[in-house]
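1. Let me see the structure of the following:
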Amino acid sequence: MTDLWRDPANTASLRRDARLAQRLVSLADTLVDDYDVVDLLDRLVASSVELLDVDAAGLLLIDQRGRLQVMASSSEEVRLLELLQLQKDEGPCLDCVRTGSPVVAKQLADSPQWPVFAEAATSHGYHTVTAIPMRLRSETIGGMNLFSTRSYSLDNAGLHIAQALADIATIGILQQRSIHRASLLAEQLQAALNTRISIEQAKGVLAERGQMSMSAAFQHLRSYARNNNLKLTMVAEAVASGDLPPDQVTG
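-> Have a look, this model is predicted:
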């Protein structure tokens, strides 16, 4: 073990592993109820620059309308480059999101598929870009760009670390969206149940007052709502609360 720590390469690797573990815990620690997505993504790009041999990072995320948005960046220059990708519809991060696979541009100057982005990035001193998908199984929700001022690409270990960081954030975001969808569904279901309760109460009032069946009472309730261009729920609630006389509905 002593010899392991004396090896500079092993020492650097162990230190990076320790920092990676700390950052993963830090990212996971943010995934609490009502957590701030922007804060999570800012931590993600900051951790990527810290742990990987890159100079800057930026992140694009698909919003609820299906459009990519710039959500985080380690510098203003990178934010502008990410915006440029969206405006010109070209760049490694867009290709990464579309394919769901990492995209590595080792020499941006020799990347004719992104002429505008490549020129802008190299003008800011960036020569290499690695785009990492934010993906869980078959669903890709965004991508992270890692910029380097040198002609350099991440090794396999670096790619795995970058993907692990992105995966943590992806799981958190998808979990939050799932919770929100479930919450919305629960609210809609509760609203529907409340509506049914009001309707059943109104039917009971009309049936008792008019000495009619529940089916006939519902027909009167529905006809009154339609004839007066009112929502059935509003009419039912008014009848049940006594604000709308039953005779007016069955009249």
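2. can you list contacts of stretch 89-103?
-> The contact list for stretch 89-103 (CB atoms under 8 Å, 6 or more residues apart in numbering) reads 58, 60, 62, 68, 81-82, 84-86, 104-105, 111, 113-117, 129-133, 135, 138, 140, 142-145, 159, 163. Heads up, the C-betas are built off the backbone N, CA and C, glycines and all.
3. Just the terminal-to-terminal distance for it.
-> From its first residue to its last, stretch 89-103 covers 16 Å (CA to CA, to the nearest Å).
4. same deal with stretch 93-108?
-> Start-to-end, stretch 93-108 (CA to CA) is 13 Å.
5. For the stretch 1-150 of the chain, which segments count as helices?
-> For the stretch 1-150 of the chain, the helices defined by DSSP state H, counting those that start in this stretch occupy 2-6, 8-29, 37-51, 76-88, 92-99, 115-123.
6. So what does the closest residue to Trp114 other than its chain neighbours look like in phi/psi?
-> Spatial nearest neighbour of Trp114, excluding adjacent residues (CB to CB, 6 or more residues apart in numbering): Glu90 at 4.7 Å. With angles defined as degrees, to the nearest 10, Glu90 sits at phi -150, psi 150.
7. ok, now how distant is Glu90 from Leu44?
-> Separation of Glu90 from Leu44 (CB to CB, to the nearest Å): 24 Å.
8. which of the two has more neighbours?
-> Using other CB atoms under 10 Å, the more surrounded residue of Glu90 and Leu44 is Leu44, with 25 against 18.
9. Would you agree the more buried one is in contact with Met144?
-> Yes. When contacts are counted by CB atoms under 8 Å, Leu44 is listed as touching Met144 (7.0 Å).
10. Spit out the residues that contact these two alike.
-> Taking CB under 8 Å, 6+ apart as the criterion, Leu44 and Met144 both touch Leu59, Ala166.
11. Any regions of the stretch 51-200 of the chain where pLDDT drops low?
-> The model of the stretch 51-200 of the chain has pLDDT under 70 over residues 177, 179-189, 191-193.
12. Bridging across strands, which residues link to Leu68?
-> Leu68 has these beta-bridge partners by DSSP bridges: Ile62.
13. Okay, domains of the protein per the record?
-> 2-178, 183-250 (automatic domain parsing).
14. Next, the angle from the helix or strand harbouring Leu165 to helix 37-51.
-> Here Leu165 sits within helix 156-210, counting by DSSP states H and E. Counting by axes from the mean of the first three to the mean of the last three CA atoms, to 10 degrees, helix 156-210 lies at 170 degrees to helix 37-51.
15. Contacts made by whichever helix or strand comes after helix 156-210 with the rest, please.
-> Once helix 156-210 ends, the next helix or strand along the chain (criterion: DSSP H and E) is helix 214-227. When contacts are defined by CB under 8 Å, 6+ apart, helix 214-227 is touched by residues 199, 202-204, 206-207, 210, 212, 230-232, 234-236, 239, 248-250.
16. and helix 214-227 with helix 156-210, angle?
-> Interaxial angle, helix 214-227 versus helix 156-210 (the same axes, to 10 degrees): 110 degrees.
17. which helices and strands does the next helix or strand after helix 214-227 pack with?
-> Note on helix 214-227: by DSSP H and E, the next helix or strand toward the C-terminus is helix 232-241. The contact analysis (3 or more CB pairs under 8 Å, 6 or more residues apart in numbering; DSSP states H and E) places helix 232-241 against helix 156-210, helix 214-227, helix 246-250.
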